[in-house]
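Chemist: Quick one, structure for this:
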Amino acid sequence: MSAGRGGRLARAAGSWWAALRIARREARRARGRTALVLAMITLPVLVLSFTAVSWRMSELTPVERADRQLGAADAELTWVTRIPLVQSAWAETWRTDPEEAPPVGPVTAGQVTALLPAGSRVVPLRRWVPFDARVGERVDDGLTARAVDLDDPLGRGLVRFHSGRAPAGPGEIAVSPAGLRRLDVRLGGGVTSGDGARSWRVVGVAEYPDDLGPVVTLHPSDGRMESESGTSWLVDLPGDPDEGLFRRLNAHGVLMHARVPAPASDTVAFPAYGRSAMDVEGMSVSVLVGGLGLLEVVLLVGPAFAVGVRRRRRELALVAVAGGDDAHLRRIVLADGVVLGAVGAAVGVALGVAAAFAGRSLVEQHLFGVRFGAYRWWPEALAAIAAVAVLAGVLAALAPAWTAARQDVVAGLAGRRTPPAHRRRWLTVGVLLAAAGAAVAAFGAARTAPAVILAGLVLGELGLVFATPTLVGLLARLGRSLPLAPRIALRDASRNRSSTAPAISAVMAAVAGSVAIGVYLASDDARSATMYLPSLPATTVLVTGSDGESLPELSGVSEAARAHLGVRTVAPLAEPRCGTATDLCVVSPVLPAERVCPWTPGDRLTPEQQRRARADARCAEPEEHLGRYFHVLVDDGTALPALTGAAPADVAAATAVLRAGGAVVTDPRYVRDGRVDVRVTRAGQARPDPQAVTTVAGYPLPTALGADRLLLSPAAAGRLGLNVHPLGWAIAADGVPDEDRQDRFVAAVRPLHAQVEIDRGAQGDAGRPLLLLLAAAAGVITLGAAAIATGLAAAEGRADLSTLAAVGAGPGLRRLLSLCQSGVIAVLGSALGIVAGLGSASIILTALNRRYATLWPVPEPYPVVVPWITLGVLVVVPLAAMLGAGLLTRSRLPIERRLD
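Modeler: Below you'll find the model as predicted:
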């Protein structure tokens with residue numbers, strides 16, 4: 001028995017060895033097809049290998065992290081609290097008992113040095129300092145600033161100097177290369193602060209390896225370098241840190257990050273650095289996305305193997321005549337997939353590793369924004385990628401191998417085509433899979449499970465893949481009434497379904513995914529735009545003091561408004577205060593008890609409670625979980641039009657109430673019988689006093705704004721015991737100022753130490769770049785699949801072209817025929833993809849809306865918005881594919897001898 005099993009294994013191994021040798025010979029003979037398959041397998045392997053190696057180099061070891069954070073120092077200390085703490089090994093986290101740790105307050109270098117061994121030296125470091133600068137006519141506050149003495153060896157070890165020297169005083173700075181481009185300045189140039197009060201000279205170009213963005217380094221003697229809790233200390237120790245030093249520093253509330261790990265705690269366990277619990281949902285999504293990519297490669301490569309099998313049908317028939325069975329024929333074709341997959345994997349991995357090493361600096365600067373660690377690669381990931389590439393080759397050759405094993409030997413010896421019969425069961429399987437995918441996607445959308453949604457989309461696309469051959473056959477029947485070229489193109493597509501259907505399916509899968517994601521993004525943008533409510537009228541600009549106390553000069557504000565906004569009115573703004581600026585209090589209207597919703601959105605309501613809340617009119621506009629916030633101002637009606645943008649009749653009525661000593665509320669629910677209750681909650685009150693409520697005359701003034709306002713008259717503020725304090729001005733422009741005029745106005749009033757509030761409206765089109773990227777990716781796949789299928793069809797149909805030439809067809813017919821063959825692939829695949837994508841997105845959005853409709857508060861539903869940008873690109877791409885096929889095809893028809 002063992003001898004028989006060993007013999008079968010030996011025969012199988014010999015059969016596979018012979019198949020692999022045949023596959024190697026065939027790859028050398030059909031160099032064009034081999035290059036095509038290798039390119040399609042190598043490209044994704046190259047991209048994945050490049051990503052894996054780059055990611056591996058970006059992950060720093062503990063030693064590399066310490067070198068990057070400490071530079072030439074032995075340790076970095078951060079005094080975080082005044083009570084003992086327990087820190088993790090590498091000082092990423094810390095804990096105290098009790099958890100509420102008091103703040104440390106100001107710390108001096110002497111206090112830190114007193115806790116260290118004799119001979120130690122410390123250098124202060126601020127890793128984040130607020131910084132803004134004037135660049136042309138605008139103020140840029142997107143720069144990061146640090147404060148450290150780069151002349152000191154401990155500080156200099158943190159940076160790499162490109163040129164120049166370290167700042168020697170408060171008037172000098174060092175800037176990173178990205179910061180120079182951001183500030184539009186060169187070495188030796190000047191930089192001015194946003195308010196124009198300070199200026200610096202750039203004396204050095206210094207780069208931090210942990211931040212390659214725009215970073216400015218200030219000298220520690222700069223006024224921004226105070227001894228606050230945000231200051232850490234670089235330490236030069238006379239020896240190595242020991243367990244006793246860690247214990248002593250932790251006992252005083254000091255966090256220590258050294259080149260060696262802190263001793264383990266017996267009472268507190270910390271999670272390992274860089275490790276987290278397995279994200280099952282994220283892993284599922286990654287696996288499904290990888291599966292979609294693998295399916296795309298298989299669909300694109302499969303036609304090339306199918307054409308190869310048809311061109312080798314006589315050779316395979318000879319193998320069958322010589323005694324080869326179905327298993328031998330399948331192995332010969334599968335060996336093509338193994339050989340080409342292995343070669344593509346090897347080439348792709350090698351090119352990916354080389355590209356990752358060669359393009360390391362570009363990836364660091366433009367993608368990660370940090371410097372990597374040592375040059376290293378990821379053997380496990382690269383092996384997995386190579387295995388997937390070989391699997392893709394085998395799966396692409398699987399269907400052609402099955403077809404080869406079932407071909408008619410006599411027809412193969414004669415060189416005749418024997419198109420396999422396509423059974424109706426594949427259509428049935430496709431329809432069932434598509435229906436199951438739609439149901440799974442809808443279920444995942446109702447449960448908000450991305451992995452389930454993606455699994456449903458994969459099932460649906462597989463169903464369409466199985467149904468595509470039948471659809472191609474139906475279209476071929478409908479093409480009998482068409483002109484010659486499209487009729488031949490449809491006939492060839494029907495005959496060669498094993499190569500045409502995968503190409504159409506590849507286009508369909510790419511287009512469907514692009515359209516589905518595009519619909520969701522467009523719908524989400526439309527939903528966000530619907531939910532957005534401006535805080536101010538479009539013509540209104542508020543100007544207040546930057547420090548909350550001193551006001552900018554009215555003459556300067558008015559002059560800038562007239563020059564840049566076309567001012568109509570400038571009204572003073574005032575706010576109520578309980579006394580001095582340090583006496584804090586909250587002024588708010590009180591909702592009548594009979595209008596209060598019995599539930600709050602933060603509560604965990606049962607389905608029955610949510611149903612009752614949706615049916616309760618009092619809960620149509622629920623209060624926020626922590627209480628509704630009202631912007632409270634004191635006004636006599638002068639600023640009312642600019643703040644509310646209400647109709648003139650409503651403004652006149654509200655102004656009359658204010659001048660009569662009343663108040664105006666923008667939420668009508670707070671006004672009952674022309675009266676409104678106002679409560680003042682002073683600092684120190686644990687809860688509002690229900691008795692400390694004052695009733696004043698009230699006027700409801702609903703607006704289309706998102707900000708709730710309570711406008712008190714001066715008399716009403718006096719009745720509440722409040723003082724009136726000037727706040728700024730409300731400017732009403734003649735029209736809606738554009739962004740350029742707004743920016744010029746902000747730049748003009750910034751030297752006045754003014755703070756400007758402008759509602760710039762909903763920032764739409766946030767997903768437009770992603771929509772264009774998705775459309776471009778789908779377009780590239782469409783062009784590639786159409787070109788591949790057209791080229792294979794042209795190679796397969798040389799005999800038909802010879803027949804056409806023999807019967808007198810003109811040379812232009814070949815161009816037209818190639819154009820139609822490309823059109824069948826691109827148009828049919830794009831059309832199916834658009835329909836599938838729109839259907840998938842509609843199912844998902846409908847399921848989301850139905851689920852959200854049962855919740856309270858009822859969220860804004862998702863509209864179904866068609867991304868016309870994406871569809872426009874996907875409609876143009878098939879036309880481009882057809883035009884390219886027509887232009888690049890040689891018009892001269894071949895004259896060859898027909899053998900069949």
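
Chemist: Doesn't Ala354 lie inside a helix?
Modeler: Yes. Read with DSSP: H, G, I helix; E, B strand; the rest coil, Ala354 is one of the residues of a helix.

Chemist: what about it, distance to Trp55?
Modeler: 16 Å (Cβ to Cβ, to the nearest Å). Every residue, glycine included, has its C-beta placed from N, CA and C.

Chemist: Could you do Ala306 as well?
Modeler: Going from Ala306 to Trp55 by Cβ to Cβ gives 36 Å.

Chemist: again, but for Thr61
Modeler: In terms of Cβ to Cβ, Thr61 sits 14 Å off from Trp55.

Chemist: between these two, who's got more neighbours?
Modeler: Taking neighbours as other Cβ atoms under 10 Å, Thr61 and Trp55 compare with Trp55 leading, 15 against 11.

Chemist: and that one, that's in a strand?
Modeler: No. Trp55 is assigned helix when assessed by three-state DSSP, not a strand.

Chemist: Can you check the pLDDT for it?
Modeler: Trp55 is assigned 88 on the pLDDT scale.

Chemist: Identify the residue spatially nearest to it, adjacent ones excluded.
Modeler: Trp378 (7.5 Å; Cβ to Cβ, 6 or more residues apart in numbering).

Chemist: Next, count neighbours for the one you found.
Modeler: 20.

Chemist: Verify the contact between it and Ala52 for me.
Modeler: Yes. Using Cβ atoms under 8 Å, Trp378 is in contact with Ala52, at 5.0 Å.

Chemist: Around Val321, count how many other residues there are.
Modeler: With other Cβ under 10 Å as criterion, Val321 counts 12.

Chemist: ditto for Arg259
Modeler: 17.

Chemist: ditto for the one 4 residues further on
Modeler: When counting by other Cβ under 10 Å, one arrives at 14 neighbours for Pro263.

Chemist: so it, which of the three states?
Modeler: What three-state DSSP gives for Pro263 is coil.

Chemist: ok, now which ones touch it?
Modeler: 243, 246-247 (Cβ atoms under 8 Å, 6 or more residues apart in numbering).

Chemist: and if we set it to 6 Å?
Modeler: 243, 246 (Cβ atoms under 6 Å, 6 or more residues apart in numbering).

Chemist: Quick check: phi and psi on it?
Modeler: phi -60, psi 150 (degrees, to the nearest 10).

Chemist: ok, now Gly698?
Modeler: As for Gly698, its main-chain torsions (degrees, to the nearest 10) stand at phi -130, psi 150.

Chemist: same question, Asp67
Modeler: Per degrees, to the nearest 10, the backbone of Asp67 is at phi -60, psi -40.

Chemist: Over stretch 149-165, what's the mean pLDDT, rounded is fine.
Modeler: On average, stretch 149-165 scores 92.

Chemist: Now do the buried residues in that stretch.
Modeler: For stretch 149-165, a neighbour-count test (16 or more other Cβ atoms under 10 Å) marks 149-150, 152, 154-156, 158-159, 164 as buried.

Chemist: now stretch 632-651
Modeler: Neighbour-count burial for stretch 632-651 [16+ other Cβ under 10 Å]: 632-646, 650-651.

Chemist: quick one: contacts of that stretch?
Modeler: Contacts to stretch 632-651, defined as Cβ under 6 Å, 6+ apart, come from residues 537, 540, 571, 573-576, 587, 654-655, 658-659, 701, 703, 710-712, 714, 717, 724, 730, 732.

Chemist: Pull out the buried residues from those.
Modeler: Neighbour counting by 16+ other Cβ under 10 Å classes 537, 540, 571, 573-576, 587, 654-655, 658, 701, 703, 710-712, 714, 717, 724, 730, 732 among the contacts of stretch 632-651 as buried.

Chemist: Can you list which of these are found in helices?
Modeler: 654-655, 658, 714, 717 (DSSP state H).

Chemist: which SS class is Leu158?
Modeler: Taking three-state DSSP, the label given to Leu158 is coil.

Chemist: Against Val235, how distant is it?
Modeler: Distance from Leu158 to Val235, counting by Cβ to Cβ: 13 Å.

Chemist: Also Thr569?
Modeler: Distance from Thr569 to Val235, counting by Cβ to Cβ: 60 Å.

Chemist: More neighbours: the two, which one.
Modeler: Taking other Cβ under 10 Å, Thr569 and Val235 do not tie; Val235 has more neighbours (26 against 14).

Chemist: Val122 is in contact with the more buried one, correct?
Modeler: Yes. In this structure, Val235 is within contact of Val122 by Cβ atoms under 6 Å, at 5.4 Å.

Chemist: Once you drop chain neighbours, what's closest to Glu243?
Modeler: In space, Glu243 is closest to Pro263, 4.7 Å off (Cβ to Cβ, 6+ apart).

Chemist: Might you list the low-confidence residue ranges for the stretch 251-400 of the chain?
Modeler: For the stretch 251-400 of the chain, the stretches with pLDDT under 70 are 265-293, 296, 310.

Chemist: what ranges do the strands span in it?
Modeler: For the stretch 251-400 of the chain, strands defined by DSSP state E, counting those that start in this stretch occupy the ranges 254-258.

Chemist: Check the spacing between the residue nearest to Trp55 and Met57 real quick.
Modeler: Per Cβ to Cβ, Trp378 is found 9 Å from Met57.

Chemist: likewise Pro177?
Modeler: 21 Å.

Chemist: next one: Arg247
Modeler: Applying Cβ to Cβ, the value for Arg247 to Met57 is 36 Å.

Chemist: out of the two, which sits in the busier spot?
Modeler: Met57 (22 against 12).

Chemist: nearest spatial neighbour of that one, skipping sequence neighbours?
Modeler: Met57 sits nearest to Phe372 (Cβ to Cβ, 6+ apart), 4.1 Å away.

Chemist: State the number of residues packed around Leu38.
Modeler: The local packing of Leu38 (other Cβ under 10 Å) involves 19 other residues.

Chemist: I'd assumed Ala346 was in contact with it.
Modeler: No. Taking contacts as Cβ under 6 Å, Leu38 lies outside contact range of Ala346: 10.2 Å.

Chemist: Give me the phi and psi for the residue nearest to Trp55.
Modeler: Torsion angles at Trp378 (phi, psi; degrees, to the nearest 10) stand at phi -120, psi 90.

Chemist: Return the distance of stretch 214-221 from the chain's centre.
Modeler: 31 Å (Cα atoms, centre = their mean, to the nearest Å).

Chemist: By neighbour count, which bits of that stretch are buried? Give me those.
Modeler: 214-220.

Chemist: nearest to Ala467, of the residues you listed?
Modeler: Nearest to Ala467 among the buried residues of stretch 214-221, counting by Cβ to Cβ, is Pro214 at 53.8 Å.

Chemist: Check the gap between the closest one and Asp140 for me.
Modeler: 9 Å.

Chemist: Make sure Phe426 is indeed in a helix.
Modeler: Heads up, residue 426 is Trp, not Phe. Yes. Going by three-state DSSP, the assignment for Trp426 places it inside a helix.

Chemist: where in the stretch 801-900 of the chain is pLDDT low?
Modeler: 801-805, 807-809, 885-886, 888-900.

Chemist: my bad, should have said the stretch 451-600 of the chain
Modeler: 498-499, 546-549, 579-584.

Chemist: in whichever helix or strand Val205 is part of, what's buried?
Modeler: Using DSSP states H and E, Val205 maps to strand 199-207. Buried residues in strand 199-207, defined by neighbour count with 16+ other Cβ under 10 Å: 200, 202-207.

Chemist: cool, and stretch 741-758?
Modeler: Within stretch 741-758, the residues that count as buried by 16+ other Cβ under 10 Å are 741-750, 752, 754-756, 758.

Chemist: ok, of these, which one's closest to Ala613?
Modeler: For the buried residues of stretch 741-758, the nearest to Ala613 is Ile758 (36.6 Å; Cβ to Cβ).

Chemist: In this structure that closest one contacts Val541, no?
Modeler: Yes. Between Ile758 and Val541 there is a contact under Cβ under 6 Å: 5.4 Å.

Chemist: to the chain's geometric centre, what's the distance from stretch 401-409?
Modeler: 47 Å.

Chemist: No further questions, thank you.
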